[in-house]
Structures are given as C-alpha cells and as structure tokens.
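J.: Build me a model from this:
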Amino acid sequence: MCVYNRPFDDQTQARIMIETQIFIMLMGMISGGRFDLVNSFALEYENSKNPNIENMLRISDFLGYSTEYISYDKGILDKSLEFEKCGLMGMDAVHIACAQKAKADFFITCDDNLIKKLGRIDNISIAYYNVIDFASREVFKI
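T.: This next block holds a predicted model:
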C-alpha cells in the first residue's frame with residue numbers, strides 16, 4: 001500500500017518525489033498492458049482504513065487497473081502465519097502471501113525494512129524490489 005500512497009506523501013523529499021514519478025510511470029505501463037497489476041482483499045482492506053477519503057478513492061481507482069484479484073482463503077492465512085514466524089509483520093506477511101498465491105513475478109514496495117526482512121526468508125518465490133530498483137532492473141534493464 002505504501003507505493004499507492006506515494007503520490008500523496010511529502011513531495012519535497014527527493015526520494016518520495018522519485019518514487020512517485022516511477023509509480024506514475026508504472027501505472028501508465030500497466031494501463032498500456034506492459035505489466036499486469038494484482039489486487040487483493042488485503043490491499044482493499046488497508047485502503048479502506050485510509051483516513052483521507054479522497055486519497056482512498058484515488059487509490060481505489062489505481063487498484064481498478066488490476067487484471068487479477070486475490071480473495072481471502074485459508075491458504076493465504078496459513079502462509080502469512082509462516083511469514084510472521086520469519087519476522088514479517090501482519091499485513092506485510094499477508095501481502096506477500098497474496099503475491100505468492102497470484103504467482104506474481106514481482107512484489108514492489110517502498111518499505112526498506114520489508115525488503116531487508118524478505119532477504120532473510122528462504123521460501124519467497126517471487127522477486128521483490130523497492131520501486132526504484134524495480135524501475136532500474138525490470139523497466140530500464142540497467
């Protein structure tokens with residue numbers, strides 16, 4: 001959810017501004033069919049908790065570009081509990097479990113601590129990036 005919130009964060013900070021521009025570029029690529037976007041019950045839940053209704057509605061619009069939706073099931077709960085035992089926090093564990101359920105090629109975040117924690121887990125079956133690294137490696141192939 002942090003990536004979707006980037007356009008609403010303090011744009012005077014250079015990193016946030018760059019991540020926002022990359023997010024906008026990626027949304028353009030998604031709407032153009034270059035990448036597919038996966039939505040989930042977890043993203044919808046987190047977005048529903050956004051205290052800023054206007055931002056919540058805009059993020060809902062972004063999520064509307066998804067080509068796949070992951071609904072809750074017990075397998076996701078079980079997998080997220082495994083990830084929690086490995087050090088991931090509740091919703092982070094659920095998001096990763098949803099991404100694995102979708103067989104997503106990539107998991108993209110702005111959360112550096114989450115990236116570090118994912119690096120310490122052996123059974124992550126998808127590539128994970130912060131949004132800047134994703135753009136460098138997967139979009140621009142640097």
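J.: elements contacting the longest helix belonging to the chain?
T.: Counting by DSSP state H, the longest helix found in the chain is helix 14-31. Counting contacts by 3 or more Cβ pairs under 8 Å, 6 or more residues apart in numbering; DSSP states H and E, helix 14-31 packs against helix 2-5, helix 131-134. Where C-beta positions appear, they are placed from N, C-alpha and C, glycine not excepted.
J.: Need the residues that contact the first one.
T.: Spelled out, it's helix 2-5. 19, 23, 43, 47, 50, 55, 59, 62-63, 108-111, 131 (Cβ atoms under 8 Å, 6 or more residues apart in numbering).
J.: Please tell me how far residue 9 sits from residue 17.
T.: In this structure, residue 9 and residue 17 are 9 Å apart, going by Cβ to Cβ, to the nearest Å.
J.: er, residue 64 I mean
T.: Taking Cβ to Cβ, one finds residue 64 at 25 Å from residue 17.
J.: What of residue 83?
T.: 31 Å.
J.: and if you look at residue 114?
T.: 21 Å.
J.: Looking at these two, which one has more neighbours?
T.: residue 114 (20 against 14; other Cβ atoms under 10 Å).
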